[in-house]
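Asks: this one's structure only:
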């Protein structure tokens, strides 16, 4: 982490006073747009090709599996080598995989297997990119600006989540090659921005032989630091029992009767709430009682999920989704700052690699849980039960991890 300096400017956009962070943020935004455009294009292309919903699930699995299989390697690499260089190389590798998708589309192959292969390679690149991307932030800004930087990162990601799919849909409508070609260009630019705009960093850790102790250090560190274990597991179980996002198509068609246009509005709700909260964090960061606020946010997430489950009115459903996104942003922001502050630089990559896998697993398993429960007891009961369980998780975790609950300041 950069040394704190009492002369560093404070304010709503304090993190952007660091030139290296400005370049990092631009690359983050470009990458976010590229990933969203590609996601839309791949989904449409595969479904047009096979008309099999299972193939859409295989696309997601192809991307997630590498992060799970390589978790002991990716974090260690981020802790042993240049995080800036690792980001640039990973982004370039993502551009190569987007180029493969462009080639497959141009050739008009009638099988989705090359798509799955390309997405698996893309997942490998992302598996190395994410720990480096997350762990480098404290190296780019003073400690006093870390909260501002994390809020700005989350806002950029949510902005890309809203606007990227729109851009992807428009480009795909013109032609799939335009969508994939734009993805390639954005990823190449993003890699160059990191390479030439983000300053060189010292080696985060030793480059000696990597044994089992080195590779598994992230898991051991999380297990022995109960506040970090509590923060990561709290998010894991809250997302696992969320489930509202996975069943939005069911709500749009069968419960709210709003069609695909309404589904787009529903999907935009959480991102809108997250962006609003992210901007508020940048303007007025949390100064005190961070732990209590995080648990209240998780409880609010559960209440909003429960109300959404019972709603049969579009405006109330959208309002609850906006609250879900806002409460989630509060929890994510606080947890991200605490993990960054409580984790030494030499193991930060490995800890964040484990955290990233937990996030991915909870999203995937949460969607599966919601789908299975919807079949057993119906979608309304499945989502409502999830919201009630989240409330219980917040209470139990507040009792199990008092050090996390009693955290005051995010510095």
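Replies: Everything's here; your move. In this text the structure is predicted, and so the values were computed from the model without any measurement.

Asks: quickly list the domain ranges of the protein.
Replies: 14-200, 215-405 (automatic domain parsing).

Asks: worst mean pLDDT among those?
Replies: Among those, domain 215-405 carries the lowest mean pLDDT, a mean of 83.

Asks: returning to that earlier point: can I get the domains of the chain in JSON lines including mean neighbour count?
Replies: The C-beta positions use only the backbone N, C-alpha and C, and glycine is treated the same way. Output for the domains of the chain, formatted as JSON lines (neighbours: other Cβ atoms under 10 Å):
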{"stretch": "domain 14-200", "mean neighbour count": "20"}
{"stretch": "domain 215-405", "mean neighbour count": "20"}
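
Asks: which strands and helices sit next to the helix or strand containing residue 182?
Replies: Taking DSSP states H and E as the criterion, residue 182 maps to helix 176-197. Using 3 or more Cβ pairs under 8 Å, 6 or more residues apart in numbering; DSSP states H and E as the contact definition, the elements that helix 176-197 packs against are helix 19-50, helix 83-107, helix 146-174.

Asks: hey, what's the angle from the shortest one to helix 19-50? Just curious.
Replies: Inter-element angle recorded for helix 83-107 and helix 19-50: 30 degrees (by axes from the mean of the first three to the mean of the last three Cα atoms, to 10 degrees).

Asks: next secondary structure after helix 83-107?
Replies: Next helix or strand after helix 83-107 toward the C-terminus (DSSP H and E): helix 113-135.

Asks: which residues does whatever helix or strand comes next after that following helix contact?
Replies: Once the chain leaves helix 113-135, the next helix or strand it forms, by DSSP H and E, is helix 137-140. Contacts to helix 137-140, defined as Cβ atoms under 8 Å, 6 or more residues apart in numbering, come from residues 1-2, 18, 20-21, 24, 83, 146, 149-150, 153, 198-199, 201, 340, 345, 348.

Asks: how does it look with 10 Å?
Replies: 1-2, 15, 18-25, 28, 83-84, 145-146, 149-150, 152-153, 198-199, 201-202, 204, 336-337, 340-341, 343, 345, 348, 352 (Cβ atoms under 10 Å, 6 or more residues apart in numbering).

Asks: where do the helices sit along the stretch 251-400 of the chain?
Replies: 259-283, 290-310, 314-342, 348-377, 379-400 (DSSP state H, counting those that start in this stretch).

Asks: from the chain's centroid, how far away is the first one?
Replies: Distance, stretch centre to chain centre, for helix 259-283: 15 Å (Cα atoms, centre = their mean, to the nearest Å).

Asks: now do that helix and helix 146-174, the angle between them.
Replies: 160 degrees.

Asks: Throw the helices of the stretch 251-400 of the chain into TSV and include distance to residue 192, thanks.
Replies: Putting the helices of the stretch 251-400 of the chain into TSV (distance: least, Cβ to Cβ, whole Å) gives the following:
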stretch	distance to residue 192
helix 259-283	26
helix 290-310	37
helix 314-342	26
helix 348-377	23
helix 379-400	42
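
Asks: so which of those helices is nearest residue 166?
Replies: Proximity to residue 166 (Cβ to Cβ) singles out helix 259-283 among the helices of the stretch 251-400 of the chain, at 8.7 Å.

Asks: who are the packing partners of the closest one?
Replies: Here helix 259-283 touches helix 146-174, helix 248-250, helix 290-310, helix 314-342, going by 3 or more Cβ pairs under 10 Å, 6 or more residues apart in numbering; DSSP states H and E.

Asks: in contact with the nearest residue to residue 293 once chain neighbours are set aside, which residues?
Replies: Closest residue to residue 293 apart from its sequence neighbours, by Cβ to Cβ, 6 or more residues apart in numbering: residue 286 at 6.1 Å. Listed by Cβ under 10 Å, 6+ apart, the contact partners of residue 286 are 147, 151, 293-294, 330, 333-334, 337, 408-410.

Asks: ramachandran angles for residue 286?
Replies: The phi and psi values for residue 286, taken as degrees, to the nearest 10, are phi -70, psi 130.

Asks: try residue 142
Replies: According to degrees, to the nearest 10, residue 142 has phi -60, psi 160.

Asks: so it versus residue 395, what's the distance?
Replies: 36 Å (Cβ to Cβ, to the nearest Å).

Asks: distance of the residue lying closest to residue 97 once chain neighbours are set aside from residue 42?
Replies: Excluding its sequence neighbours, the residue lying closest to residue 97 (Cβ to Cβ, 6+ apart) is residue 122, at 4.2 Å. Separation of residue 122 from residue 42 (Cβ to Cβ): 9 Å.

Asks: who touches both of the two?
Replies: Joint contacts of residue 122 and residue 42 (Cβ under 10 Å, 6+ apart) are 62-63, 98, 101.
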